[in-house]
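J.: Need a 3D model of the following:
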Amino acid sequence: MVFLLALGIVFLISLLGLSGGLLLIYKQKWAKFVSKYMISFAIGAMLGVVFLDMLPEALGVVKAETVLTYTLAGILLFYLLEKTLLLYHHHSVEHIWHRNKHHPDEKAHPVGYLITFGDALHNFMDGLIIAAGFLIDFRVGLATSLAVLFHEVPQEIGEFAILLHARFRRAKIILYSLFAQMTAVLGFIVGFYYLPLFENMTSILISLAAGGFIYIASTDLLPETHREKKVTKSAMQFALLILGILVIWYVGVLVPE
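T.: Here you go, the predicted structure:
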């Protein structure tokens with residue numbers, strides 16, 4: 001029962017994650033608004049799930065030295081992935097490609113395929129992380145799922161923008177992005193059935209994921225918020241960041257262990 005419910009949540013997240021990209025294609029102004037402000041909410045959600053759910057649960061299973069070592073390893077791993085596999089997800093939509101700049105017969109740039117592959121790998125890892133969360137505790141799984149979702153929406157805006165830059169057609173962008181999103185479902189299934197076969201692997205993966213979330217929130221997302229210079233809008237961003245933390249905290253209070 002838990003498996004089917006969790007699988008449904010992952011499938012729903014995969015579909016909802018596309019909403020940011022679809023906004024970019026059909027409602028660019030809304031996409032810019034979502035990208036600018038939802039990033040702040042996503043930062044809070046990711047940091048909230050790390051420090052309120054993931055790390056406390058991992059610390060309850062394995063020693064603190066092990067948890068912190070793998071959290072540090074997660075930060076380094078995600079840094080290495082960005083540097084070597086070019087998986088950087090650009091969240092700003094200030095330089096969105098205008099369709100009239102390219103002739104419709106121009107060929108798609110190969111970088112689009114690289115980004116799609118990178119996104120698929122990233123989503124597969126998200127599925128593994130969500131599976132690890134549900135294996136530890138339903139509440140942790142749900143909080144992790146929400147953090148992934150809040151990050152996915154602005155991320156997909158960046159992904160779609162890159163594919164538009166690469167001269168992919170709309171239908172192709174949606175099809176490729178849907179494929180990349182569905183790898184999260186595959187990652188969840190693999191993780192749910194195979195992680196329990198390895199002792200302490202679930203807690204280790206959660207610790208690695210915590211490091212990855214810290215890295216993404218701190219280096220990928222936070223710098224984007226510094227683009228805003230107006231005091232009132234900066235205050236709104238900070239408020240949304242706090243709201244993201246509070247939502248994760250409330251999920252922990254609302255959902256029983």
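
J.: Would you mind measuring from residue 178 to residue 156?
T.: Distance, residue 178 to residue 156, using C-beta to C-beta, to the nearest Å: 11 Å. The C-beta positions use only the backbone N, C-alpha and C, and glycine is treated the same way.

J.: higher neighbour count, these two?
T.: Each of residue 178 and residue 156 has its neighbours counted (other C-beta atoms under 10 Å); residue 156 has more, 27 against 14.

J.: which element is that one on?
T.: Using DSSP states H and E, residue 156 sits within helix 138-165.

J.: And residue 114, by the same measure?
T.: helix 111-136.

J.: same for that helix, what does it pack against?
T.: helix 2-26, helix 138-165, helix 170-194, helix 201-215 (3 or more C-beta pairs under 8 Å, 6 or more residues apart in numbering; DSSP states H and E).

J.: CA atoms of stretch 220-228 as CSV?
T.: Extracted in CSV, the C-alpha atoms of stretch 220-228 (Å, rounded to 0.1, in the frame of the first residue of the first chain):
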residue,chain,number,x,y,z
ASP,A,220,22.6,26.9,-7.6
LEU,A,221,19.6,28.7,-6.2
LEU,A,222,20.7,31.3,-3.6
PRO,A,223,22.8,33.3,-6.1
GLU,A,224,19.8,33.7,-8.3
THR,A,225,18.0,35.6,-5.5
HIS,A,226,20.8,38.1,-5.4
ARG,A,227,19.8,39.3,-8.8
GLU,A,228,16.9,41.2,-7.1
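
J.: Not counting the helix or strand where residue 70 lies itself, show me its contacts.
T.: Using DSSP H and E, residue 70 sits within helix 64-85. With contacts defined as C-beta atoms under 8 Å, 6 or more residues apart in numbering, helix 64-85 is touched by 55, 58-59, 87-88, 118, 121, 200, 203-204, 207-212, 214-216, 219.

J.: Only alpha carbons, please: show the strand or helix carrying residue 248 as PDB.
T.: Residue 248 is located in helix 231-254, with elements delineated by DSSP H and E. What follows is helix 231-254 as a C-alpha-only set of coordinates in PDB (Å, rounded to 0.1, in the frame of the first residue of the first chain):
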ATOM      1  CA  VAL A 231      14.200  46.000  -0.900                       C
ATOM      2  CA  THR A 232      10.500  45.100  -1.100                       C
ATOM      3  CA  LYS A 233      11.000  42.200  -3.500                       C
ATOM      4  CA  SER A 234      14.100  41.000  -1.600                       C
ATOM      5  CA  ALA A 235      11.900  40.900   1.500                       C
ATOM      6  CA  MET A 236       9.300  38.900  -0.400                       C
ATOM      7  CA  GLN A 237      12.000  36.400  -1.400                       C
ATOM      8  CA  PHE A 238      13.200  36.000   2.200                       C
ATOM      9  CA  ALA A 239       9.600  35.600   3.300                       C
ATOM     10  CA  LEU A 240       9.000  32.900   0.700                       C
ATOM     11  CA  LEU A 241      12.300  31.100   1.800                       C
ATOM     12  CA  ILE A 242      11.000  31.100   5.400                       C
ATOM     13  CA  LEU A 243       7.600  29.900   4.100                       C
ATOM     14  CA  GLY A 244       9.300  27.000   2.400                       C
ATOM     15  CA  ILE A 245      10.900  25.900   5.700                       C
ATOM     16  CA  LEU A 246       7.600  26.300   7.500                       C
ATOM     17  CA  VAL A 247       5.800  24.100   5.000                       C
ATOM     18  CA  ILE A 248       8.300  21.300   5.500                       C
ATOM     19  CA  TRP A 249       8.000  21.700   9.300                       C
ATOM     20  CA  TYR A 250       4.200  21.600   9.100                       C
ATOM     21  CA  VAL A 251       4.300  18.400   7.000                       C
ATOM     22  CA  GLY A 252       6.400  16.900   9.800                       C
ATOM     23  CA  VAL A 253       3.800  17.900  12.400                       C
ATOM     24  CA  LEU A 254       0.800  17.000  10.300                       C
END
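
J.: Run the angle between it and helix 138-165 for me.
T.: Helix 231-254 and helix 138-165 are oriented at 140 degrees to each other (axes from the mean of the first three to the mean of the last three C-alpha atoms, to 10 degrees).
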